[in-house]
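1. sequence and predicted structure below; questions after.
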Amino acid sequence: GVPFLIGISIIVYCPEGEGPMPLLVAVPIGLYGFMIAATWIDLIADILVDVLTFTGVVCGIPATIMGATVLAVGNSIGDLSANLTIARKGLSDMAITACFAGPVFNMLIGLGLGFTALRKMTKSEEINVYLTPELRVGFLFSIANCVLVIMMGVCCGAGTLRSEYGYFALVLYILYAVTSLLV
């Protein structure tokens, strides 16, 4: 009922014609659109995780491998597309910053909110996390990538990353994927 009423009121009260929409109207419409998009993303993500879990169980693939390959690629496609577009427009600094800021946001906010929700659900003060060999490999390759960026950008590149870094990063990812599957 409520979403339908909000949608009808947007259609009725949304200004028509030329010129920019008044801020008093544009902000609530934008926020409503954001809430709807976030709701759909949450719903689809829940279904995707269920399908991946089911597929992993049926095929005998460990959850960490499914997360490190299929889910990671699916989760990163949007970021990859946006970062490529930004880089093609000549904004390489912004693209590289986004490459690091996105995962940092996901790790800090995602893990923080996830553990907070888990703590409230279990009513436990302590949550033990077992670092599987696949997770350890992921951590090691993340550290290796950070060291590679520092070495190539700061030490060897005088503050700039050369295009060869892209090839090193691709090789590093392939090594990561193979190592994760073998561990």
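-> That came through fine. In this text the structure is predicted, and so the values were computed from the model without any measurement. Numbers count the residues shown, from 1 in each chain.
2. so which residues of the chain form helices?
-> 2-13, 23-59, 63-66, 72-88, 92-105, 111-122, 133-149, 164-182 (DSSP state H).
3. with mean neighbour count and mean pLDDT added, can I get those helices in CSV?
-> Where C-beta positions appear, they are placed from N, C-alpha and C, glycine not excepted. CSV is the format used below for the helices of the chain (neighbours: other CB atoms under 10 Å; pLDDT from 0 to 100):
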stretch, mean neighbour count, mean pLDDT
helix 2-13, 10, 75
helix 23-59, 12, 86
helix 63-66, 17, 78
helix 72-88, 13, 84
helix 92-105, 14, 85
helix 111-122, 10, 89
helix 133-149, 15, 86
helix 164-182, 14, 85
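4. got those as a markdown table, with distance to Ala158 columns?
-> Shown next, in a markdown table, are the helices of the chain (distance: least, CB to CB, whole Å):
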| stretch | distance to Ala158 |
| --- | --- |
| helix 2-13 | 53 |
| helix 23-59 | 41 |
| helix 63-66 | 39 |
| helix 72-88 | 20 |
| helix 92-105 | 15 |
| helix 111-122 | 35 |
| helix 133-149 | 14 |
| helix 164-182 | 14 |
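5. quick one, which of those helices is nearest to Cys155?
-> helix 133-149 (10.1 Å; CB to CB).
6. quick one, the closest one and helix 72-88 angle?
-> For helix 133-149 against helix 72-88, the angle by axes from the mean of the first three to the mean of the last three CA atoms, to 10 degrees is 10 degrees.
7. my read: Ile127 touches Lys120, true?
-> No. With contact defined as CB atoms under 8 Å, Ile127 does not reach Lys120; the gap is 11.1 Å.
8. Gly157: which of the helices of the chain is closest?
-> Nearest to Gly157, of the helices of the chain and by CB to CB, is helix 164-182 at 8.3 Å.
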